[in-house]
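>>> model the following, please.
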Amino acid sequence: MTDTASAYVEIDRAQQLYDLGRAPEALEVVSRILAGKPDDAEALRLAALCLSAVGRQDEAVSTARAAVAADPDSEHGRRVLSHMHYKRGEFRLAATIALEATRLAPNEWRGHMLLARCVCHFDPRRAIAPAELSRELGPDSPDTHFACALTYQAVGREQDARAAYLRVLELNPQHAMALNNLAVLDRSAHRWSRALRGFRRALSSDPHQELARRNIDSILLSRIWRLTWLSVLAVDAVDAIAPVLGGFGQRILGSVLAALLLAGPAYTAWSARRAVGSYGWRFFRMDRRVHLCVALLTAAMLFITLGTIVQLFRITDQYSAISFLVTLLLWAVSAQVRTMTRKSAPRVE
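Residues are numbered from 1 along each chain as shown. So this is what the prediction gives:
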């Protein structure tokens, strides 16, 4: 076997390893090829992908540039280089390089798809044309439909985005990002349980996908946050209404509010268990923000129970300062939880 034929065999073996998710092993094979042929463009392109997969992004970029220098007319080389810059968040530069790739091979759907993904990050409306062109050129690829879905979602065309994501899942039922982003659309429509199930499916499809995990956490936390605000309103109601009621009226008021404060967490825990299984319980047990909210709910419950049902103290004007302080504490902490919820709000990729 000639050296050239042997190199092709080794590159094919490295590609198979990379496709199986064994990037470190693929990198070892391709490194041996480059030791003998440092200007082999195909080996350089594959090496760049492997380096990126193992987290060595700067080396991946420099290797991809070497691949372009070794084969300046290669559309594939420019796509690889564009992808490396995309992964570093350099979307405008990545878009410029992807545009060069489309000019070298105008009928290759991958270049137009990559261009759309890059442009979508800074000008979503301009990304629609290359996304739809990539879909025309590659109608059987889930990647082209996914690119269209991303651009539609970015410009607010949610029904078109949903249809495109569903088409992705017809072609690849285990497409984790399509499952995640469909669930984001459900969350936007306030279909909480359906969104949780969608994020759970995405996480089951790809257990390493942190985005779906953060999205589940965000929904569960936002529901706990709403319960914390309910406790704020309950304490306010006690402060406003209890002083004008008699003892029996205060017990009725306290019983109703206590029942609401008990039913809220119970329903939230039940629905979370139904939607995401044991993951919901683990989140409730381990997340400190949830513990803080539960502590505040408990404090509100005790204040209402002792003041209106047990009537250990009377809710009168002289106790309004206590009520005010409890309300202020609940408001301040629930606002902080809301801020944390926004920071971890569901996203698309």
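>>> which elements pack onto the helix or strand harbouring His145?
When secondary structure is defined using DSSP states H and E, the element that contains His145 is helix 142-154. Using 3 or more Cβ pairs under 8 Å, 6 or more residues apart in numbering; DSSP states H and E as the contact criterion, the elements in contact with helix 142-154 are helix 109-119, helix 124-137, helix 158-171, helix 176-188. Bear in mind the C-beta positions are built from the backbone N, C-alpha and C, glycine included.
>>> okay, these, which one's buried deepest?
Relative to the other members of the helices and strands packed on helix 142-154, helix 109-119 carries the highest mean neighbour count by mean count of other Cβ atoms under 10 Å, namely a mean of 26.
>>> packing partners for the helix or strand hosting Leu253?
Of the helices and strands defined by DSSP H and E, Leu253 is found in helix 247-276. Applying 3+ Cβ pairs under 8 Å, 6+ apart, one finds that helix 247-276 contacts helix 192-205, helix 210-241, helix 278-286, helix 288-304.
>>> re the thing from before, mean confidence for the helix holding His145?
Per-residue pLDDT values over helix 142-154 give a mean of 95.
>>> over to stretch 33-53?
Confidence over stretch 33-53 (mean pLDDT, whole number) is 89.
>>> ok, and what's touching it?
Contacts made with stretch 33-53 from outside it, assessed by Cβ atoms under 8 Å, 6 or more residues apart in numbering, are listed as 3, 7, 10-11, 14-15, 18, 23-24, 26-27, 30-31, 57, 59-61, 63-64, 66-67, 70-71, 74, 76-77, 80-81, 83-84, 87.
>>> mind listing which of those are in helices?
3, 7, 10-11, 14-15, 18, 23-24, 26-27, 30-31, 57, 59-61, 63-64, 66-67, 70, 76-77, 80-81, 83-84, 87 (DSSP state H).
>>> can you select the buried ones from these in PyMOL?
Buried residues within the ones in helices among the contacts of stretch 33-53, as defined by 16 or more other Cβ atoms under 10 Å, are selected in PyMOL through the command that follows:
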select buried, resi 7+10+11+14+15+18+23+26+27+30+59+60+61+63+64+66+67+70+76+77+80+81+83+84
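>>> check which residues of the helix holding Leu253 are buried.
Neighbour-count burial for helix 247-276 flags 250, 253-254, 257-258, 261, 264-265, 268-269, 271-272, 275-276 (criterion: 16+ other Cβ under 10 Å).
>>> again with stretch 149-156
Buried residues in stretch 149-156, counted by 16+ other Cβ under 10 Å: Ala149, Leu150, Thr151, Tyr152, Gln153, Ala154.
>>> how near is the closest residue to His83 other than its chain neighbours to Ala237?
Excluding the flanking residues, the one nearest His83 by Cβ to Cβ, 6 or more residues apart in numbering is Leu114, at 6.6 Å. Between Leu114 and Ala237 the distance, using Cβ to Cβ, to the nearest Å, works out to 56 Å.
>>> is it correct that the residue nearest to His83 is in contact with Lys87?
No. The pair formed by Leu114 and Lys87 falls short of the contact definition of Cβ atoms under 8 Å, at 11.6 Å.
>>> how much space separates Ile304 from Arg251?
Summarising the geometry, the distance separating Ile304 from Arg251, computed by Cβ to Cβ, is 11 Å.
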